[in-house]
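Asker: From the sequence below, what's the structure:
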Amino acid sequence: MDLKSLLHRLDGRSRLLVHALHSGPNNAQTVYNKQRASDPDFSLAPFLETLCQQEARVHEDALVSKPLVCLFSEVFKRNLLCFLHLIHTKLPKQSILHLLQSLSQDHSENQWSYVLIKQLYRDIEGTGKETLLTPKCTEKLKDLCERFRDNNMKGRWASCLQGIGKEQADDQTVQSQKKRKSDNIDLDVEDEEDVHQSKRVRIDFCTDKEEEKLTGEQEQSQMSTSHCVDHGAASKPQTHLLGSTKVLPDHIKAAVPVIKEMLDTESGWDKSSVSALKVLHECDPDEVDVLCSMLSLSEAPEQSLPQFCSCLLELSPDLSHSTASAVITNLLLNKILSLEEPASRCLVTGVMSLCTRYPRPTCQALIEPVLRKEQTGSCQAELLCKLVEDCLEPHHRLHVFRTILEVSWDEGVLLVIHALLDSKLELNEEDFSLFIDQLCSQSPHFSKSMKFAKIMLSVLTKYQSYVNAACHRTLSSCLPLNETFLKKSLLAALKRISL
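Answerer: Numbers count the residues shown, from 1 in each chain. Predicted structure coming up:
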């Protein structure tokens, strides 16, 4: 069952909490705290009881009933259990026990959820202080701690691991022998004074000096490919390991200096420029990231953006979703995140041109990361408003609107919300209810904000047909918190809404 069909029994606040739980227990705790701050009498007991109610579903051509909570995804159930672990002292014990009994009816055999359920039982019963370790495990940990206490012991990690079982040691020996037999990898092991072992990986086909300067993270990634080489990857073309080794096929590498020169010199772009960019069609997702890194797209001068983006738009066929997302991320994201003054004309032109052609990748690779940043500055918000107003179709605006329901709000985000509301969104009942709940949970934090007051006024005038009895009650409880000169207008607008 999809999420929408599972939410039909829940009220607006519970739906908002469900969405927060899908993104993590800490986000859910933040939403819960805000809900309690706006309404001290708010309780999760009805929400937990609803999750325990039986829901009919078809299973193997038979109609069966299961607790509603068992029909949610495993991610939701794990996050819910972690969330309850954080706040269980504030909740009725019987409600939690009822929920745990319902979850125990789930036959998915997820071991992680099983352990979380067991741990939550221990929390409630007050036995959480008892160790979960077996006597054998406790003994090994004590021995390990004793080894670390001796600062003068030579070898440190190496000597601590000397007690490893013979079978595991043999297995490590076999693996190391396999790595030494690899035709593509040469391991050079050096012993230092404190027996610290460092492994340097050299890839035979990395010939360029820049490519030989691999970072520690890339080295670790290269080591993980050795297992594939052991099983016959050595006989395949070496370009199969591109994502790990920063090696591109020769015909793609040949286009790098051509494109880079045009970016750096800001020279006129012509048909040959478009031909050079066609290599993007021949790259897999890993190769696109490598190519963008070699082109230093994040450092491309803003003056070259209009021409470069224009050439990208002339490519036929259009770029794939993953390729467009990678290019937009590398080319534009850092430039926008670092804005401290209004975006330049060149930057605005480049962003808007790509957003118009590739709206979905722009939403996911650019707009979402900017909104999820802890603070959305006025310069970033102004640019996002331009995209909302001039580039995005209604369904893409709705995608941005739903993203905003999941992020923390500040004055910059309020500007984007106002632009979205002015575009006359087509909202369903669930989205609108979640938005109203979010508005009311945020109202204590923006009681003196004119931007927030204008958003409330837009809701009460342009979206009054969406306001049902539940939303009306919720708005009635939060409007008195407003301290701007629009307060009387807000109360009057709410009073005019007939149910």
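Asker: I'd like to know how far Ala45 sits from Ala56.
Answerer: Relative to Ala56, Ala45 is positioned 24 Å away (Cβ to Cβ, to the nearest Å). All C-beta atoms are positioned from the backbone trio N, CA, C, and that covers glycine.
Asker: Show the low-confidence segments of the protein, by residue range.
Answerer: 1-5, 58-62, 107-110, 126-134, 147-246, 265-272 (pLDDT under 70).
Asker: Which parts of it belong to which domain?
Answerer: Domain assignment for the chain, taken from automatic domain parsing, gives 3-125, 244-388.
Asker: coming back round to it: out of Ala45 and Ala56, which sits in the busier spot?
Answerer: More crowded of Ala45 and Ala56, by other Cβ atoms under 10 Å: Ala45, with 13 against 9.
Asker: My guess is the more buried one contacts Leu91. True?
Answerer: Yes. Using Cβ atoms under 8 Å, Ala45 and Leu91 qualify as a contacting pair, with a distance of 7.0 Å.
Asker: most neighbours per residue, which of the domains of the chain?
Answerer: domain 244-388 (a mean of 18; mean count of other Cβ atoms under 10 Å).
Asker: and stretch 474-482, which residues are buried?
Answerer: Using 16 or more other Cβ atoms under 10 Å as the test for burial, stretch 474-482 gives 474-475, 478-479, 482.
Asker: Can you measure across that stretch, start residue to end residue?
Answerer: By Cα to Cα, to the nearest Å, the extent of stretch 474-482 from end to end equals 14 Å.
Asker: Surely Gly251 touches Lys278?
Answerer: Small correction: residue 251 is His, not Gly. No. Using Cβ under 8 Å as the test, His251 is too far from Lys278 to be in contact (10.5 Å).
Asker: Beyond the strand or helix carrying Leu263, next helix or strand please.
Answerer: In the assignment (DSSP states H and E), Leu263 maps to helix 255-265. Once the chain leaves helix 255-265, the next helix or strand it forms, by DSSP H and E, is helix 271-277.
Asker: From the contact counts, what lies against the strand or helix carrying Leu17?
Answerer: Applying DSSP H and E as the criterion places Leu17 in helix 12-23. When contacts are defined as 3 or more Cβ pairs under 8 Å, 6 or more residues apart in numbering; DSSP states H and E, helix 12-23 sits against helix 25-38, helix 45-52, helix 74-87, helix 429-442, helix 469-478.
Asker: Quick one: list the elements packing against the last one.
Answerer: This points to helix 469-478. helix 12-23, helix 429-442, helix 450-462, helix 487-496.
Asker: Where does Lys66 sit: helix, strand or coil?
Answerer: Of the three states, Lys66 takes strand under DSSP: H, G, I helix; E, B strand; the rest coil.
Asker: residues contacting it?
Answerer: Applying Cβ atoms under 8 Å, 6 or more residues apart in numbering, we find Lys66 in contact with 54-55, 57, 105-106.
Asker: how far away is it from Ser73?
Answerer: Lys66 is 14 Å from Ser73, where distance means Cβ to Cβ.
Asker: Show me where this protein has its strands.
Answerer: Along the chain, counting by DSSP state E, strands occupy 54-59, 62-67, 185-191, 197-203.
Asker: From what I see, Leu439 and Leu481 are in contact.
Answerer: No. Counting by Cβ under 8 Å, Leu439 sits too far from Leu481 to count as a contact (11.0 Å).
Asker: Now for the nearest residue to Glu411 once chain neighbours are set aside: which residues touch it?
Answerer: Excluding the flanking residues, the one nearest Glu411 by Cβ to Cβ, 6 or more residues apart in numbering is Lys451, at 6.1 Å. By Cβ under 8 Å, 6+ apart, the contact list for Lys451 reads 411, 414-415, 418.
Asker: any idea how far Lys451 lies from Leu479?
Answerer: Distance, Lys451 to Leu479, by Cβ to Cβ: 16 Å.
Asker: Quick one: the helices in the stretch 251-400 of the chain, in order.
Answerer: 255-265, 271-277, 285-295, 305-314, 321-328, 334-337, 345-357, 359-362, 368-372, 378-390, 394-404 (DSSP state H, counting those that start in this stretch).
Asker: So which of these is nearest Lys136?
Answerer: Smallest distance to Lys136 across the helices of the stretch 251-400 of the chain (Cβ to Cβ): 43.1 Å, for helix 285-295.
Asker: List of residues touching that closest one?
Answerer: Against helix 285-295 from outside (Cβ under 8 Å, 6+ apart): 242-243, 246, 248, 252-253, 256, 259-260, 263, 279-280, 283, 298, 322-323, 326-327, 330-331.
Asker: re the thing from before, tell me the angle the helix holding Leu263 makes with helix 285-295.
Answerer: 40 degrees (axes from the mean of the first three to the mean of the last three Cα atoms, to 10 degrees).
Asker: quick one: helix 255-265 to helix 305-314, angle?
Answerer: In terms of direction (the same axes, to 10 degrees), helix 255-265 departs from helix 305-314 by 140 degrees.
Asker: helices and strands around helix 255-265, which ones?
Answerer: helix 271-277, helix 285-295.
Asker: and the end-to-end length of stretch 364-373?
Answerer: End-to-end for stretch 364-373, by Cα to Cα: 14 Å.
Asker: go on, stretch 415-433?
Answerer: 20 Å.
Asker: Show me which residues of it are buried.
Answerer: 415-421, 423, 425, 427, 430-433.
Asker: Check the offset of stretch 408-418 from the chain's centre.
Answerer: Taking Cα atoms, centre = their mean, to the nearest Å, one finds stretch 408-418 lying 19 Å from the centre of the chain it belongs to.
Asker: doesn't Pro306 make contact with Ser353?
Answerer: Yes. Between Ser353 and Pro306 a contact is recorded at 7.5 Å, counting by Cβ under 8 Å.
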